[in-house]
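[1] just need the structure, nothing else, for what follows:
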Amino acid sequence: MLASIGNGWHTGAMVVLFILCIYPVLGAMYWFWGAVAYTLFRRQDELSAVAELTFDPFITIMVPAHDEEVVLQSTLEYLLNELNYSNYEVLVIDDGSTDQTPTILTKLQERYPNLRVVRIEANKGKAHAFNVGMFFAKGKYILSNDADTLPERDALRKYMRYFKSSAGVNYAAITANMDVYNRTTLWGKSQTVEFSSIVGIIKRSQTAVNNTMYAYSGANTMYRRDFLISVGGFRQDRATEDISIAWDQTFINMTPKFAPDIIFHMNVPESLHYLYRQRKRWAQGGTEVWLTNFGRIVRHPWRFRHVISIMLDTTLSIVWSFFFWITSIIFVGTMLHFALAGNYERIWHGLVMSMIFMTFQLFAGLIQVLAALLLDLRGIKLRYLFFTPLYLLFTWMINPLTIVTTFIQAVKTIGGQGVGTWVSPKRKGLDHD
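    Residues are numbered from 1 along each chain as shown. Predicted coordinates:
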């Protein structure tokens, strides 16, 4: 009996170990087939060419801003002058800016009557700014727009066509398709591939599998204001308000919508330092929602069955991150031991086996990225396929590192020690002409 139990535990452990070893392959294939399912069964959910608006519902474009003097004026002038929509306001929430942001806003208000500003004296973070702003917003629909983000000119009209469609009455939020604006650097080009893969594959897959979404885009998502209020607004102590609100709304069966045919252009970090800092914040936010909601699903799996797939993927991602770095350290230590012992044959065998795993992972990742680039904007980004290896290398090494290094802080946040204040990265001016 004991031997049988022991064999069962051994078999189970080997299965778990095998799954962790090939998790990147399994994940890439899962998202690939999810995107295929979306293309076959859900693509008809996108906008019909003949579905036009009979009137323009009033919209509030909300721009939370903290020390955004470099890009704010250019973004606001674009939002106030270039959008193909007639019935909207721009509401800037100045969250304790200490640079020239207040001066810029004062001058712009003299020129634009539909520009409103709410000033918060102390920096308390984007989520707090948005929560304050949604009670000043005149529109029933609120577009969250970052200070360095430019939506396409027809974005508002497209958003409202989705909300006013037959299925739109159930939409809590509609998130658009991210496009990298600054592609002049190596990091910018690599993130073009990454965002196409994340948006083009994962969000399509989540929509196709169970009509849920792991995260909205904080840079450009339109919310139904009443649905925001019904979940208590954004969590102000979280690292990522866009991930938290997506999970909060999903857990009470509100329907999110991914709209790949609405494009917005965003600035991405152009240095490894700022890119790593951004990914640490994302990683911490993902871990926070996992810690917040894992117990709820374990206790009530049937009630929350619609989010089990994304919870399972999140769990595997976190566990695999620790597994990857622990086994990598063990591997390097073992290779050094063999080198000191002069056992070069074992070193060769270890390197060959690791390269076999890497080859399978690279092939699976290439399929995922290729499918993403083909689906996204009808394949116009295929020229960035060359940068796929850099994207895959970054994803498999840096992203797990950010999860591991921010795990303790995420636990502290759930324990009541989280803060939502922000520090804006260094910006370059925008040119939207």
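
[2] can you map out the helices along the stretch 301-433 of the chain?
    For the stretch 301-433 of the chain, helices defined by DSSP state H, counting those that start in this stretch occupy the ranges 308-341, 344-375, 388-412.

[3] pick the most deeply packed of these.
    When the helices of the stretch 301-433 of the chain are scored by mean count of other Cβ atoms under 10 Å, the highest mean neighbour count falls to helix 388-412 (a mean of 18). Glycine gets a C-beta too; all of them are placed from N, C-alpha and C.

[4] avg pLDDT for that one?
    For helix 388-412, the mean per-residue pLDDT is 85.

[5] go through the helices of the stretch 301-433 of the chain and name the closest to Asp99.
    With Cβ to Cβ as the criterion, Asp99 lies closest to helix 388-412 of the helices of the stretch 301-433 of the chain, at 27.4 Å.

[6] can I get the helices of the stretch 301-433 of the chain in a markdown table with distance to Thr292?
    Output for those, formatted as a markdown table (distance: least, Cβ to Cβ, whole Å):
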| stretch | distance to Thr292 |
| --- | --- |
| helix 308-341 | 11 |
| helix 344-375 | 28 |
| helix 388-412 | 10 |
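
[7] between these, which one is nearest to Phe135?
    helix 388-412 (29.1 Å).

[8] mind listing what the closest residue to Ala283 other than its chain neighbours touches?
    Closest residue to Ala283 apart from its sequence neighbours, by Cβ to Cβ, 6 or more residues apart in numbering: Thr402 at 3.8 Å. Shown in contact with Thr402 (Cβ atoms under 8 Å, 6 or more residues apart in numbering): 276, 279-280, 282-284.

[9] please redo it, this time with the cut-off set to 10 Å
    Thr402 makes contact with 276-284, 286-287, 321, according to Cβ atoms under 10 Å, 6 or more residues apart in numbering.

[10] for those residues, which one is nearest Asn177?
    Once Cβ to Cβ is applied, the member of these that ends up nearest Asn177 is Trp282, at 18.1 Å.

[11] what comes up buried for the helix or strand hosting the closest one?
    Following DSSP states H and E, one finds Trp282 within helix 272-299. By neighbour count on 16 or more other Cβ atoms under 10 Å, the buried set for helix 272-299 is 275, 279-280, 282-293, 297.

[12] now for the protein, the helix or strand with the poorest mean pLDDT.
    helix 186-197 (a mean of 70; mean pLDDT, DSSP states H and E).

[13] in it, what counts as buried?
    187-197.

[14] send me the very next helix or strand once past it as PDB with only the CA atoms.
    For helix 186-197, the following helix or strand on the C-terminal side (DSSP H and E) is helix 204-210. Only the C-alpha atoms of helix 204-210 are listed here, as PDB (Å, rounded to 0.1, in the frame of the first residue of the first chain):
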ATOM      1  CA  ARG A 204      -8.000  36.900 -28.900                       C
ATOM      2  CA  SER A 205      -7.600  33.500 -27.200                       C
ATOM      3  CA  GLN A 206      -9.100  34.600 -23.900                       C
ATOM      4  CA  THR A 207     -12.100  36.000 -25.800                       C
ATOM      5  CA  ALA A 208     -12.500  32.900 -27.800                       C
ATOM      6  CA  VAL A 209     -12.200  30.400 -25.000                       C
ATOM      7  CA  ASN A 210     -14.400  31.900 -22.300                       C
END
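
[15] hmm, who's touching helix 204-210?
    Helix 204-210 has contacts (Cβ under 10 Å, 6+ apart) with 30-43, 45, 212-215, 250, 256-258, 260, 305-310, 313, 371-372, 375-376.

[16] list the contacts for Gly27?
    Neighbouring residues of Gly27 by Cβ under 10 Å, 6+ apart: 202, 313, 316-317, 320, 361, 364-365, 368.

[17] out of those, which comes closest to Ala339?
    Among these, Gln361 lies closest to Ala339 (Cβ to Cβ), at 25.2 Å.

[18] and the gap between the closest one and Val117?
    Distance, Gln361 to Val117, using Cβ to Cβ, to the nearest Å: 49 Å.

[19] where does the stretch 251-400 of the chain dip in pLDDT?
    377-379, 390 (pLDDT under 70).

[20] again with the stretch 101-250 of the chain
    Flagging of the stretch 101-250 of the chain using pLDDT under 70 yields the residue ranges 196-200.

[21] quick one: the strands in it?
    Secondary structure of the stretch 101-250 of the chain (DSSP state E, counting those that start in this stretch): strands located at 115-120, 141-145, 149-151, 171-180, 220-224.

[22] I'd like to know which of the ones you listed is closest to Gly418.
    Closest approach to Gly418 among these (Cβ to Cβ): strand 115-120, 18.7 Å.

[23] quick one: strands adjacent to that closest one?
    strand 88-95 (parallel) (DSSP bridges).

[24] ok now the strand it pairs with, how far from the chain's centre?
    Taking Cα atoms, centre = their mean, to the nearest Å, one finds the center of strand 88-95 at 23 Å from the center of the full chain.

[25] one more: stretch 103-115?
    Chain-centre distance of stretch 103-115: 31 Å, with Cα atoms, centre = their mean.
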